[in-house]
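In: task: produce atomic coordinates for the following.
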Amino acid sequence: MAAQGGGDSDSGGAGRALPPHSPSGMVLQTVEMHTGGEPLRIIPRLEAAERAAAAGLSLLSLRREMAARHDHVRRALMHEPRGHAGMYGAVVVRGGRAADGAHLAVLFLHCAGYSAMCGHAVMALGRFALDYGLVPAPTRPETAVRLRCPCGPVTAFVPWDGRRSGNPVRFHSVPAFAAATDLAIDVPGHGKVVVDIGYGGTFYAFLSAEQLGLDVCSSKTRDLVSAASAVTEAVKKQFKLHHPESEDLAFLYGTILTDGKDAFSEEPTTNICVFADEQVDRSPTGSGVTARIALQYHKGLIQLDQSRTFRSSTTGSLFTGKAVKEATFGNYNAVIVEVSGEAFYTGTATFTVEEEDPLKHGFFFK
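Out: Below you'll find the model as predicted:
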C-alpha cells in the first residue's frame, strides 16, 4: 500500500480513486483497527521512514529522526480533522537495522508524540502482519510474529487458519520490572499518595483511585483524568527514572488508576490509563497490564503462569495477563509477561493533505 507522495490534481468525474488535491500534497493510506476499543491507525508504508531505515538508522534513531524532521505526518493523522484526541497510530518499517531481523519494526504515534511500547497495537499488528503478507510462512494453528519496538523485541502469537488471522492474540513482552514500590509522592490538590512505578516497555505510575478520593468504576472520567495527570506531573518532578539500556526510554508515560485489587483473584480488576497529554486509553492497556503484572509478581501477589483479567473502566473490554518466565534486565529482577486480547479491523482509509489548507497538518483540541 502506498503511503506518501503526490497525486493527480485533475477534477475528473465519477469513479476516481481520490478527490482532487494538490499534486505536491501528501497521500497517506492506512489500515484502521482497534483492540479493546483503543484505535490503531496503521501506516503500512511511509517513504520518509523507509529511506531512513535503508540508510541504516536504528529504530530509536529513526524515532528521533521522525520526531525532528517528519512530525507533520504524525500530526496530520493523529490530530483533527483526520484524527481526534484519543487517536493512536503505528508506522510499519520493514528491513534494515531498524527491524534487526524481525518481521517488522514499528514506531508508535499518539496525539502528543511517540511511545516506546504499545501492547494493544502489538496485538493488532500481529493480525495485520499475517493478513497483509508480512510473514513469509505462516503456520497453523498459530503463527509467531516478531516485532521490533523502540523498547526492544516482542513476539505476537496469532491464530492462523491458512487464509486469515483470528483472535485472541497474545504477545510476550520485553523484560518487565518494578522500578519503585510504595513511593510517597506529594500531589498538589491531593496531598501525599503512595505509588508504584512499573515498567512494561514503558514506565507507568500505579495507585488506587481511592487514594485520590475517587472510584475508578463510578467517578466521572474527567475527574479521573485530571487526578491521574496530576500524579504523572508530580512523579516526574519528584522521582528520577532509569532505564537499563537507553535514557531515551527513561520517561514516565502516564498514570494508571486502579480499583486496588492487586492480590490474585479470579475476578477482573478494573483500571484506567491516562497517558501522554491527558490521552485516555479505551482498552485495559497492554503495556500497562505488563507493568502491573510485573509489580504484582515482584510483591509476591501472583505466581508464574497465574492469569489475571484486567478490565477497562471506559469500555469494559478485557485483557488477560500472566508472568511466564523470570528474567534479568540490567540490575532489575524482571519477568516476561504474556498479555492476551482481541483486535479487530474497522476499515481502510486514504487521506489527502492539500498544501493550500492552513490546517493541513492538523490541530489539537481537547
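
In: only C-alpha atoms for contact and neighbour calcs from this point on.
Out: Will do.

In: contacts for the longest helix seen in the chain, please.
Out: For the chain, the longest helix by residue count, based on DSSP state H, is helix 221-238. The contact list for helix 221-238, computed with Cα atoms under 8 Å, 6 or more residues apart in numbering, reads 185-188, 205, 209, 212, 214, 216, 252, 254-257, 274-275, 278, 280, 314.

In: let's see the pLDDT reported for the spatially closest residue to T139 that is not a sequence neighbour.
Out: Distances taken as Cα to Cα, 6 or more residues apart in numbering place W160 nearest to T139, at 6.8 Å, with adjacent residues excluded. We have a pLDDT of 98 for W160.

In: burial measure for W160, as a count.
Out: Residues near W160, counting by other Cα atoms under 10 Å, number 20.

In: name the residues linked to it by a beta bridge.
Out: Residues in a beta bridge with W160, per DSSP bridges, are S165.

In: same thing with F108?
Out: Counting by DSSP bridges, F108 forms beta bridges with A90, S115.

In: returning to what we had before: flag every buried residue along the longest helix of the chain.
Out: L224, V225, A227, A228, S229, A230, V231, T232, V235 (16 or more other Cα atoms under 10 Å).

In: between helix 221-238 and the following helix or strand past it, find me the angle.
Out: Following helix 221-238 in sequence order, the next helix or strand is strand 252-258 (DSSP states H and E). Direction vectors for strand 252-258 and helix 221-238, defined by axes from the mean of the first three to the mean of the last three Cα atoms, to 10 degrees, enclose an angle of 130 degrees.

In: ok, now which ones touch the residue nearest the centre of the chain?
Out: Closest to where the C-alpha atoms of the chain average out (Cα atoms, centre = their mean) is C118, at 2.4 Å. Counting by Cα under 8 Å, 6+ apart, C118 makes contact with F108, G201, T285, G286, S287.

In: export the residues you listed to CSV and tack on neighbour count and distance to A349?
Out: Shown next, in CSV, are the contacts of C118 (neighbours: other Cα atoms under 10 Å; distance: Cα to Cα, whole Å):
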residue, neighbour count, distance to A349
F108, 24, 18
G201, 28, 29
T285, 29, 25
G286, 32, 25
S287, 28, 27
